[in-house]
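Q: Next input, structure requested:
(chains A and B)
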Amino acid sequence: MLRVSARRTGRELDLRAVVDPEIESMLTHGAELLAFTDAAVQRDRGAIGKARHRLADVAGAEATVRAAAVAGNFQMMNRLLDAIGVRVGRAGMKLAIELGLKVPQHLHP
Amino acid sequence: MAAEDVIPLPQRESAAVEATVRSVVSPGATLTGNRRRELAMAVRDAADGRAATAPDQEEALARHFTNAAHTIRAHHVSEALKAGMTAARYVEILSLAARVSAVDTMCFGLGVEPVPFPAPIDGPPTDTVDPEAQFNQGWVPTVGPASPPNALSLLPHDDEAMHQLHGALYLSIPEMAETDMERGLHRTQMELVAARTSLLNECFF
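A: Numbers count the residues shown, from 1 in each chain, chains lettered A, B, ... in the order given. You can find the predicted model right below:
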């Protein structure tokens, strides 16, 4: 959905930033969003305060709430899908290969 | 803004958290409210890195869902079912772990303390499962082929709770067709967060 959304709305995007946050995603506040996501999902108590502060400073409190909420939502969905064995679609497989990710055999279509 | 500042939950997100903790302590399809609360506490302990002394099968499963769902394989599910756990019980524990992980991650990100689970609500399990659910491309019964929107479709109440939470935290299923929407973040920014979360969880969706 990331690539689809970027294409349909005419936004530039370097998808490799998802795998390597050192790469500039080219999205507005992309670096701050990625740092915040990492700290929230990994429950990094040493990093979350600074990451929240940085994101809120550049993007605002409403954006920070949405980032936290979306990370939470995908914590839920990731667990649901992995635990019931939903297979990755062909488009997802193609994207994984493009990004150098190895999809476990049991998730192949 | 100081680094230690908390960002309060807005009304819609706060209501979603409250609805989730109420659901957690209410009787479910196969478990009492008291047992669901115990398992939800185990989810929080696991997320915070607190080890269990002697977890039973259900608590061990809740912890597995919380911290290493990407390592679950078909044999884990079949072994649980062979040991006497029903598919409905497996899905119910998964639903608890997934939804508690969602609201607690949001709270952690914003610096908000996790909302305590209230006292359990008395009553027997509801025994409500969807009779249409069948094994269909997944490891548990689903209504239709196993896919993101119907992952919990075996249990109608959990399925509804998941969709309500999905809509409050991210987007409803109909809203997902809209690629140019703004909700605090532009859709593309939301998808960046989603994709990075999935990568960190070693999930490929």
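Q: mind checking the SS state of A:Leu109?
A: Careful, residue A:109 is Pro and not Leu. coil (DSSP: H, G, I helix; E, B strand; the rest coil).
Q: What are the boundaries of the helices in chain B?
A: Along chain B, counting by DSSP state H, helices occupy B:11-24, B:33-47, B:57-68, B:74-82, B:87-110, B:156-169, B:187-200.
Q: Work out the gap between the last one and the centre of the chain.
A: If I follow you right, that is helix B:187-200. For helix B:187-200, the separation from the chain centroid amounts to 18 Å (computed by C-alpha atoms, centre = their mean, to the nearest Å).
Q: The first one now?
A: Here the centre of helix B:11-24 is set off from its chain's centre by 13 Å, with C-alpha atoms, centre = their mean.
Q: What helices and strands are in contact with it?
A: Contact analysis of helix B:11-24 by 3 or more C-beta pairs under 8 Å, 6 or more residues apart in numbering or on different chains; DSSP states H and E lists helix B:33-47, helix B:87-110, helix B:156-169 as its packing neighbours. Glycine gets a C-beta too; all of them are placed from N, C-alpha and C.
Q: re earlier: deepest-packed of the helices of chain B, please.
A: Mean neighbours per residue, mean count of other C-beta atoms under 10 Å in any protein chain shown, is largest over the helices of chain B for helix B:87-110, with a mean of 26.
Q: helices and strands around it, which ones?
A: Looks like helix B:87-110 contacts helix A:30-41, helix A:48-59, helix A:61-84, helix B:11-24, helix B:33-47, helix B:57-68, helix B:74-82, helix B:156-169 (3+ C-beta pairs under 8 Å, 6+ apart).
Q: domains of chain B?
A: For chain B, the domain assignment from automatic domain parsing gives the residue ranges B:9-126, B:175-205.
Q: Let's have the helices and strands packed on helix B:87-110 in CSV, adding distance to B:Cys203 and mean pLDDT.
A: CSV is the format used below for these (distance: least, C-beta to C-beta, whole Å; pLDDT from 0 to 100):
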stretch, distance to B:Cys203, mean pLDDT
helix A:30-41, 11, 98
helix A:48-59, 21, 97
helix A:61-84, 4, 97
helix B:11-24, 21, 98
helix B:33-47, 16, 97
helix B:57-68, 12, 96
helix B:74-82, 16, 93
helix B:156-169, 15, 97
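Q: out of those helices, which comes closest to B:Pro148?
A: Closest to B:Pro148 of these, according to C-beta to C-beta: helix A:61-84, at 6.0 Å.
Q: Quick check: buried residues in the closest one?
A: By neighbour count on 16 or more other C-beta atoms under 10 Å in any protein chain shown, the buried set for helix A:61-84 is A:61, A:63-84.
Q: Let me have the domains of chain B in JSON lines, extended by distance to A:Lys102.
A: Shown next, in JSON lines, are the domains of chain B (distance: least, C-beta to C-beta, whole Å):
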{"stretch": "domain B:9-126", "distance to A:Lys102": "12"}
{"stretch": "domain B:175-205", "distance to A:Lys102": "9"}
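Q: circling back to that earlier point, I'd like the helices and strands packed on helix B:87-110 laid out as CSV, including distance to A:Ala17.
A: Below are those laid out as CSV (distance: least, C-beta to C-beta, whole Å):
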stretch, distance to A:Ala17
helix A:30-41, 6
helix A:48-59, 15
helix A:61-84, 15
helix B:11-24, 26
helix B:33-47, 26
helix B:57-68, 26
helix B:74-82, 33
helix B:156-169, 23
